[in-house]
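Engineer: Model the structure of this input:
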Amino acid sequence: MEHVAGAGGSPGGVAATLPARELYSADHAHVRAVVNALEGTMDYWQCRRALKEEAVKPSYRVESFAEYLPSLMEELGLATRMRNYAFAMRERLPGLERGGDARVRGDESASGDGGEIDSDARAEASGTPSLFDDDARETAGMLESIAVARRVWRRQLTERLNELSAASGTPLASAARDDAGDDGGATKSKRSAAAAAAAAAAAAAAAADDPIALASIETASIVRAIDRMAFTETARADLPHLYGHADLLRAASNVGWTPEDGGASTPAHVPSWGLVKIELRAPSTTWLRAFFRQTAPEHAQIGVDDLVDASYAARRDAVAAALAKERSIPKCRAFAKTGVPASRRGAIWSAALGAAAPGDQRARAHFDALCDDVRRRSLLVDALFARDVAETCDHATYFPFAESLRAVALAFSRDARVPDLCVGSGRCAPHPMLDGVARDGTKRRDGGRGGSTYPPCGVLPFDGFASFLAPLAFIYAHPAELLDVFERMYARYFCRLHVLSDETFPSPALVGLLRAFEDLAQRHEPALCFHLLSINAPAATLASAWIVHAFARHLDATQTLLLWDRIVGYDSVLPIAVAAAAVIAFRKDALMRAASAEEAREAVEDLSSLQIVPLLQAFLWRDGDGADERR
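Structural biologist: Numbering: from 1, shown residues only. Alright, predicted model coming up:
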């Protein structure tokens, strides 16, 4: 029998039994296709949850629960339900009748029709609305209140995107751009020839050990990469943002409210001074100090000690140079916990994230392919990405990088690897899939039922997206390297700041991160939190922008990168919540004098002068804060 692990990690490794082998042999492509499709339906997860609930009953011995599975599934009617589904899917999955290993979730090679999936077949076979099928896998085992909030958020995003398309007269996707021309093949051949010539020149320079020639070739490569996307300078950039940090805060604060109160009041059974009403356990001070023990004052830090001790800076630089050659992921992460010298940050981060080494031609070839895709077709989200880049680069710090960041943002939008990177990292998917939209941005033929990943990267641009790219431009000169590292940082860390999930410590998603921030602020500064509530300015409303943007829009670029060192080093976004609580505590005096919400916002509006590392140390390790050991 085919076994599938229990949802959310069931007790004792309990497994749910699927009757797939009654139809085919275990290694047959048909079985894999049916099981893949089945895992994307609500029926599948409901059956797993029913078995999980049964497993915790005292009438069963957990260690031998698997023995009861076949008969138990028959008694509960689950086996028949699965058989009916498998039978229906035999004839409905694309390519199944030809013996192909069809896949769901918009795989173009499986469906053969631009990436659309046969969601009608899945919905009809299971009797469940396709709205819930698409993200059933993502919400399996998730707290029901968060799963509901995810669906509401997904519907809102879909509606906003469709409304924006209708109001602007811009389709979600359109054919080749006007400037693509009919000589695409010739242009591509010229580019291939140029790339081959550049590679040969680089090889010759490397063989001759000529650093000047190599530097010249690298500069030319960067210029060519940016020039390839020069046509995007005319991209439309006047469309409004789909959403911003305030929308995310509102969605997160609605989690846990019941339909009866319509989100208008706080449930009486959850006493809280904060906006996050769901009970997610926050870490204690003892736990935080153990987790962040390398930030203690007795450990020297890049961002503090290197500014006053040249010998320490030299030693760290030498260690970083050796690690950059070794490219050991655990060693590079451990090194980053106390900060990375600016000159070595690019190599250390690339190694710690498993990205391509600097100069890797595969990363550059991948970037070129994505640029070609941007040239071939236009998406509505291109205008949204272009606007956000323009706003981010309308700043004295980042304006030189406008062309490069626009190229990276649009190439990122086309990269279908991003959702898989998120899942492969054990993290949550970037966004719920959108209703009625195929992978290529066209409307679905079934009249709007079902969904797929749009844009291909699965990330809808939001107000402040480009702020995640901008600090990286100081580290990576070539757009291909910037894109490669950013995608891995987004998949591993930053996507958690923009999704509703119940993932908690040591690297929580948005709801858990907000909950951690509020708990820290209330624990360390209760009088301040009460005062902010009294003037209708809860601490989370002041800090939500910092958290959603990982401080990239608020701290000086150097300080942002120092904070991100700790994110990479601890492999967690928790430093963001600690930093936000530290800023609130640091600005306590000004906030206590605020008599209105507007004055409170003004008190924390400018963070450009803050030094983030000493701030973290002072907050985590100040004396007299062991009072919460009872937690």
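
Engineer: as a whole number, average confidence for whichever strand or helix holds residue 224?
Structural biologist: Per DSSP states H and E, residue 224 falls inside helix 211-227. Averaged over helix 211-227, pLDDT sits at 69.

Engineer: in the helix or strand that contains residue 290, what's buried?
Structural biologist: In this structure, residue 290 sits in helix 285-291 according to DSSP H and E. By neighbour count, with 16 or more other C-beta atoms under 10 Å as the criterion, the buried positions of helix 285-291 are 285, 288, 289, 291. Quick note: C-beta positions are derived from backbone N, CA and C, even for glycine.

Engineer: pLDDT check: weakest of those residues?
Structural biologist: For these, the weakest pLDDT value sits at residue 285, with 88.

Engineer: quick one: the strands in this protein?
Structural biologist: Remark: strands assigned in the chain by DSSP state E are 2-5, 15-18, 173-174, 378-379, 434-435, 451-452.

Engineer: I'd like the buried residues of helix 285-291 as CSV, with distance to residue 453 appended.
Structural biologist: Formatted as CSV, those follow (distance: C-beta to C-beta, whole Å):
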residue, distance to residue 453
285, 41
288, 36
289, 41
291, 34
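
Engineer: Check those against residue 232 and report the nearest one.
Structural biologist: Of all the buried residues of helix 285-291, residue 232 sits closest to residue 291, with 42.3 Å by C-beta to C-beta.

Engineer: How many residues are close by the residue nearest to the closest one when sequence neighbours are not counted?
Structural biologist: Take residue 291 and drop its neighbours on the chain: the residue closest to it by C-beta to C-beta, 6 or more residues apart in numbering is residue 506, 6.4 Å away. Around residue 506 there are 12 other residues, counting by other C-beta atoms under 10 Å.

Engineer: any idea how far residue 375 is from residue 506?
Structural biologist: Residue 506 sits 42 Å away from residue 375 when distances are taken as C-beta to C-beta, to the nearest Å.

Engineer: and the gap between residue 549 and residue 571?
Structural biologist: According to C-beta to C-beta, residue 549 stands 20 Å off from residue 571.

Engineer: Those two: which is more packed in?
Structural biologist: Neighbours were counted for residue 549 and for residue 571 using other C-beta under 10 Å; residue 549 has more, 23 against 19.

Engineer: any idea how far the more buried one is from residue 501?
Structural biologist: The value you get for residue 549 to residue 501, if C-beta to C-beta is used, is 19 Å.

Engineer: same check, this time on residue 490
Structural biologist: Summarising the geometry, the distance separating residue 490 from residue 501, computed by C-beta to C-beta, is 15 Å.

Engineer: list the contacts for residue 618?
Structural biologist: With contacts defined as C-beta atoms under 8 Å, 6 or more residues apart in numbering, the neighbours of residue 618 are 582, 586.

Engineer: For it, give its distance to residue 293.
Structural biologist: Taking C-beta to C-beta as the measure, residue 618 and residue 293 are separated by 16 Å.

Engineer: where are the low-confidence patches of the stretch 1-150 of the chain?
Structural biologist: For the stretch 1-150 of the chain, residues meeting the criterion pLDDT under 70 lie at 1-30, 32-33, 36-37, 39-43, 45-46, 49, 52-68, 80-81, 83-141.

Engineer: cutoff 80 now
Structural biologist: Within the stretch 1-150 of the chain, the set of residues satisfying pLDDT under 80 comprises 1-143.

Engineer: just checking, residue 300 touches residue 339?
Structural biologist: No: with contacts counted by C-beta atoms under 8 Å, residue 300 stays clear of residue 339, the gap being 9.1 Å.

Engineer: Apart from its neighbours in sequence, what residue is nearest residue 353?
Structural biologist: Nearest-residue entry for residue 353: residue 488, 4.2 Å, with adjacent residues in sequence omitted and distances by C-beta to C-beta, 6+ apart.

Engineer: now residue 503
Structural biologist: Closest residue to residue 503 apart from its sequence neighbours, by C-beta to C-beta, 6+ apart: residue 509 at 4.4 Å.

Engineer: burial count for that neighbour?
Structural biologist: Per other C-beta under 10 Å, the neighbour tally for residue 509 reads 23.

Engineer: Residue 367 - how many residues pack around it?
Structural biologist: Counted with other C-beta under 10 Å, residues neighbouring residue 367 total 25.

Engineer: For the closest residue in space to it that isn't next to it in sequence, give me its contacts.
Structural biologist: Leaving aside its sequence neighbours, residue 367 sits nearest to residue 480 (C-beta to C-beta, 6+ apart; 3.6 Å). Contacts for residue 480 (C-beta under 8 Å, 6+ apart) come out as 225, 363, 364, 366, 367, 368.

Engineer: Among these, name the ones in helices.
Structural biologist: When helices are assigned by DSSP state H, the members of the contacts of residue 480 inside them are 225, 363, 364, 366, 367, 368.

Engineer: Quick one, grab the pLDDT at the fourth one.
Structural biologist: Meaning residue 366. 93.

Engineer: Distance-wise, check it relative to residue 321.
Structural biologist: Here the criterion is C-beta to C-beta. By it, residue 366 lies 27 Å from residue 321.
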